[in-house]
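Visitor: Can you look at this prediction? I've put the sequence above it.
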Amino acid sequence: MNFSSLFNPKDELSCTTLIKMKSKGIFYGDSPFKMTTQMLLVQICISSLFISILQFLLTPFGQAAFTAQMIGGIILGPSVLGKNPAFSKSIFPDSSIYFSQTYALFGCMMFLFLIGVKMDLHMIRKSGKRGVVIGFCNFFLPLVIVVGLAHNFRKTETLDPIISNSIYCVASLMSLSSSHVITCLLTEMKILNSELGRLALSSSMISGMCSWVLALSSYIIFESSDNGRHDNMLELSFSFVSLVLVIVCILRPIMHWMIDQTAEGKSIKESYVFSIFLMILVTALIGEIFGQHFLVGPIILGMFVPDGPPLGSAIIEKLETFTSAILLPLFYVVNVSRTNLSIISMKNLLTLAVIALGASAGKIVGSMLPAMYYKMPLDDALSLGLVMSAQGICEVIISGRALMLGYIDDESYSIIILCMIFFTGLIAPLVKKLYKPRTYKSQKRRTVLHSRPDSELRLLACIFRENCTSSLLNLLEVSNPSFESPICFYLVHLLVLDGRSTSMLVSHRPGKKTPARAASSEHIINAFKLYQQQNVGTLTVNPFTSIAPFVTIHQDVCELALDKRVAMVIVPFHKRFTMEHTDNFANSTIRTVNRNILENSPCSVGILVDRGTLPSNTLLFASRTSYRILLVFIGGPDDREALAYAMRMAEHPNVNLTVIQFVDSGLKDQKHNQRRLDFDLINEFKLANVGSKSLVFKEERVADGLEIIATIQGLENKYELVLVGRSHVNDSAIFGGLTEWNEFPELGCIGDMLASSDSKCKASLLVVQQQIFSGDGKLESSPFIEGPAFAVVDMGKAWPHS
């Protein structure tokens, strides 16, 4: 594809053959490859498919999507496949340039608007002194370095006249950074909501804002100088400020009005989404009319779209996939295709590569030094510097604009693109190698078993939907909060992050205003607050709302459990059942969250399978004559944890507890350390409940797993709640074959049997996993390390706050 006619800064004429827009079809003798509409469709298909294949091949090597998109553009350009005249004339003929470019820029406009929608401007205010200092250093240090290098080269080296004239502009382009680019990179590496990700995002907003100010100011100054009218500088500046004021003072209130007109929990009207689409086009048009780049308006508009549901999330849901997968690839192909490797001289390549290296080094050092000053570990500071040195689509746009306006030449542009691919291509693999997210491990045992019976018990429960409220309330009631052993209960409402890239953990404190994004938690919180008022002195409820992508939302849960020294985290099972055993829903996303919590929790974990047998009202529970609970005890740390929890429940006056212990009749060695611990706890339970009519203990000797299944199936429907450990002692042959066909490995073999689709069990189920220290993350085996009550383990890395 020849872009010389399209991007020549001089006012020269270029003649091309006018071709038809639409084909009559091959049956009428028309070739689809000679019609504009068909050619555009072919280019879209080839660009999307080729870049998708490249991305699939490069992802295992840790590469981000941007690298695949840039390499795809070069391969389809004149440097590789474009050298073939047949390919160039049939797929990317000169006559299709204007149509392809229009479509590509439209896709870029939509993409940057969506990135703006995801950005949270409040991050600038929340970033603190540390984020501001890192942001400014990340901008000014590389700028000083590259300008100094450019000045030195111009004075001491014999450069080509074209390179010499544009070297300052090239240096400035290489020093730019963008928060849009860094947001995309952090999202792809799945560390956006880590401590590193949050700091990088807030710092990049500062450096990105400085970069955009530099780019716009330079454009205004150069254009005013070229036209010989310095009064244009004031006019262009005034037009930019006016555009921002129109968006903030007129369009944003209109968007808030749209939200006010939408009922809570309802989807936003299609007419409102259409209106937002018109706003994008209007702001782009206004920007072009006043001499600004047409992308400036949509970018600013996106930043001021109200976050979250119903508006922000609806826009992302409707436009993101189509924009990223279909519209955007052609933009990279069209723009990066201007790169021509054949025109690059080795001398100019080395000269500009040194400047690019200086820019990257300046960004890395400019981020590392202040980060280390604020006590960040060296490897984390280096990872932050690498992330902050990334360049992407925004730098491609600005460099393309500079080429079109004649500030740089084709050779400089090609070298800029090559350096961008090389340095950005190194970032993602290096960061994945260097940065290890914080591990959530406690210095002490955080279990119900190791909690003192006369002290406060701390529990944390996750809730995804409002209909899980009653079951959690009644599990809390059966946990027996008392004056001797009160319960401090942390409730976390988990919401998926929609329409924003920044997650948040909201603490609902009295007198504190609830953010709009967390307003949906109010009904749940009110129910638990009412229950707290009914149990003054025995129960304290601390509600939170976590809004994050579900792939990383477990980090908020684990961090909160670690900071609050919680003994057990309770999560609802991803399936819900009725008394008639009908599945209401099965959410694989919730299942993934539960598995992540099981693997990373710093304390014990309980998975609650609610079948509706837990009373729907705590007042009804108080009036029951008895509530029947069954504990299945086979042996091992998880069963001991479940027994410790059941012993606490047994102190409730309305609870009848039955403990059934299965003993392997073929196991002769009973002196194993695990079995000794089991024996001690069982004896403690028996001695503590001698003469109690509400507690029953049974011992069943079994020869194989089938006898366990038969015994449990004969008892399961006589109880409202069944407690069982997730894993058991692994030195017995009675489990042979039980673990091979588990439908839900996270529940263990016994829990899976009771919760599977083939089970006739009507009782609710609580599957317990004791705190683990190994951190190997294998759900199938879950090995445990039994140790003293105060075993010291690695705490991971935690940064001091500024």
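Guide: Sure thing, it's come through.
Visitor: switch to C-alpha atoms for all contacts and neighbour counts from now on
Guide: Will do.
Visitor: so who does Thr67 touch?
Guide: Neighbouring residues of Thr67 by CA atoms under 8 Å, 6 or more residues apart in numbering: Ile421, Thr424, Gly425.
Visitor: Please tell me how far it sits from Leu185.
Guide: 11 Å (CA to CA, to the nearest Å).
Visitor: could you pull out the strands for this protein?
Guide: Using DSSP state E, the strands of the chain run over 457-463, 487-496, 504-507, 539-548, 568-572, 575-577, 583-586, 604-609, 627-633, 655-664, 695-702, 721-725, 764-769.
Visitor: mean pLDDT lowest for which of those strands?
Guide: Among these, strand 583-586 carries the lowest mean pLDDT, at a mean of 51.
Visitor: May I have the predicted confidence score for Gly128?
Guide: Among the per-residue scores, Gly128 holds a pLDDT of 75.
Visitor: what's the answer for Phe3, then?
Guide: Looking at Phe3, its pLDDT reads 46.
Visitor: Next: Val365.
Guide: 94.
Visitor: That one: neighbour count?
Guide: Neighbour count of Val365, defined by other CA atoms under 10 Å: 22.
Visitor: for the spatially closest residue to it that is not a sequence neighbour, what are its contacts?
Guide: Using CA to CA, 6 or more residues apart in numbering and skipping residues adjacent in sequence, the residue nearest Val365 is Gly385, 6.6 Å away. When contacts are counted by CA under 8 Å, 6+ apart, Gly385 touches Lys363, Ile364, Val365, Gly366, Ser367, Met368.
Visitor: if I look at the second one, how far off is Ile393?
Guide: Here Ile364 is placed at a distance of 20 Å from Ile393 (CA to CA).
Visitor: Tell me, what's the model's pLDDT at the nearest residue to Arg726 once chain neighbours are set aside?
Guide: Using CA to CA, 6+ apart and skipping residues adjacent in sequence, the residue nearest Arg726 is Gly748, 4.5 Å away. Note on Gly748: pLDDT of 83.
Visitor: For the most centrally placed residue in the chain, give me phi and psi.
Guide: The residue lying closest to the centre of the chain (CA atoms, centre = their mean) is Pro549, at 4.3 Å. Pro549 adopts backbone torsions of phi -60, psi 140, taken as degrees, to the nearest 10.
Visitor: what's near enough to touch it?
Guide: Residues near Pro549 by CA under 8 Å, 6+ apart: Val496, Leu497, Ser503.
Visitor: Please apply the same query to Pro78.
Guide: Met1, Ser88, Ser337, Arg338, Thr339, Asn340.
Visitor: one step back: give the buried subset of the contacts of Gly385 as a PyMOL selection command.
Guide: For the buried members of the contacts of Gly385, the matching PyMOL selection, counting by 16 or more other CA atoms under 10 Å, is:
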select buried, resi 363+364+365+366+367+368
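Visitor: quick check, nearest of the contacts of Gly385 to Thr447?
Guide: Nearest to Thr447, judged by CA to CA, of the contacts of Gly385 is Met368 at 39.1 Å.
Visitor: Check Ala104 and give its pLDDT.
Guide: Ala104 is assigned 86 on the pLDDT scale.
Visitor: And for the nearest residue to it once chain neighbours are set aside, the neighbour number?
Guide: Excluding the flanking residues, the one nearest Ala104 by CA to CA, 6+ apart is Phe331, at 4.1 Å. Neighbour count for Phe331, taken as other CA under 10 Å: 27.
Visitor: Also Glu699?
Guide: Glu699 has 11 neighbours, counted by other CA under 10 Å.
Visitor: Point out where the stretch 201-350 of the chain drops to low pLDDT.
Guide: 223-233, 264-265, 308 (pLDDT under 70).
Visitor: ok, now how distant is His574 from Met568?
Guide: Using CA to CA, His574 is found at 18 Å from Met568.
Visitor: Neighbour count for those two, which is higher?
Guide: Using other CA under 10 Å as the criterion, His574 and Met568 rank with Met568 on top: 27 against 20.
Visitor: Which strand residues bridge that one?
Guide: Counting by DSSP bridges, Met568 is bridged to Leu459, Ser604.
Visitor: Would you confirm that it contacts Arg445?
Guide: No - if you go by CA atoms under 8 Å, Met568 and Arg445 don't touch, sitting 10.9 Å apart.
Visitor: so what sits against both of those two?
Guide: By the contact definition CA under 8 Å, 6+ apart, Met568 and Arg445 are jointly contacted by Cys603.
Visitor: Which residues are in contact with Leu457?
Guide: Neighbouring residues of Leu457 by CA under 8 Å, 6+ apart: Val448, Ser451, Ser485, Pro486, Ile487, Cys488, Val566, Ala567.
Visitor: same thing but 7 Å
Guide: Shown in contact with Leu457 (CA atoms under 7 Å, 6 or more residues apart in numbering): Ser451, Ser485, Pro486, Ile487, Cys488, Ala567.
Visitor: Just the buried residues of the residues you listed.
Guide: Of the contacts of Leu457, these count as buried by 16+ other CA under 10 Å: Ser451, Ser485, Pro486, Ile487, Cys488, Ala567.
Visitor: Take those and lay them out in TSV including distance to Ser47.
Guide: Below are these laid out as TSV (distance: CA to CA, whole Å):
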residue	distance to Ser47
Ser451	60
Ser485	65
Pro486	63
Ile487	59
Cys488	56
Ala567	53
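Visitor: For Cys137, state which of those residues is nearest.
Guide: Closest approach between the buried ones among the contacts of Leu457 and Cys137, by CA to CA: Ala567, at 42.9 Å.
Visitor: State the pLDDT value of the closest one.
Guide: 91.
Visitor: Leu49 too?
Guide: Looking at Leu49, its pLDDT stands at 91.
Visitor: distance of it from Leu112?
Guide: Leu49 is 22 Å from Leu112, by CA to CA.
Visitor: Between those two, point out the one with more neighbours.
Guide: The residue with more neighbours, out of Leu49 and Leu112, is Leu112; 23 against 15, by other CA under 10 Å.
Visitor: The more buried one is in contact with Ile300, isn't it?
Guide: No - when contacts are counted by CA atoms under 7 Å, Leu112 is not listed as touching Ile300 (9.5 Å).
Visitor: Could you give the backbone dihedrals for Leu159?
Guide: phi -100, psi 160.
Visitor: ok, how many other residues are close to it?
Guide: By other CA under 10 Å, the residues close to Leu159 number 16.
Visitor: how far away is it from Met35?
Guide: To Met35, Leu159 is 45 Å away according to CA to CA.
Visitor: What pLDDT does the model give the residue nearest to Val336 when sequence neighbours are not counted?
Guide: Distances taken as CA to CA, 6+ apart put Gly73 closest to Val336, at 5.0 Å, once the chain neighbours are dropped. Model confidence at Gly73, given as pLDDT, is 86.
Visitor: Please shift the residue numbers so they start at 214 in all later answers.
Guide: In the new numbering, first residue 214, that becomes Gly286.
Visitor: any idea how far Leu508 is from Gly286?
Guide: Counting by CA to CA, the gap from Gly286 to Leu508 is 21 Å.
Visitor: The two: who's more crowded?
Guide: Neighbour tally, Gly286 and Leu508, criterion other CA under 10 Å: the higher count belongs to Gly286, 27 against 23.
Visitor: residues in contact with the more buried one?
Guide: Listed by CA under 7 Å, 6+ apart, the contact set of Gly286 reads Tyr545, Val546, Val549, Ser550.
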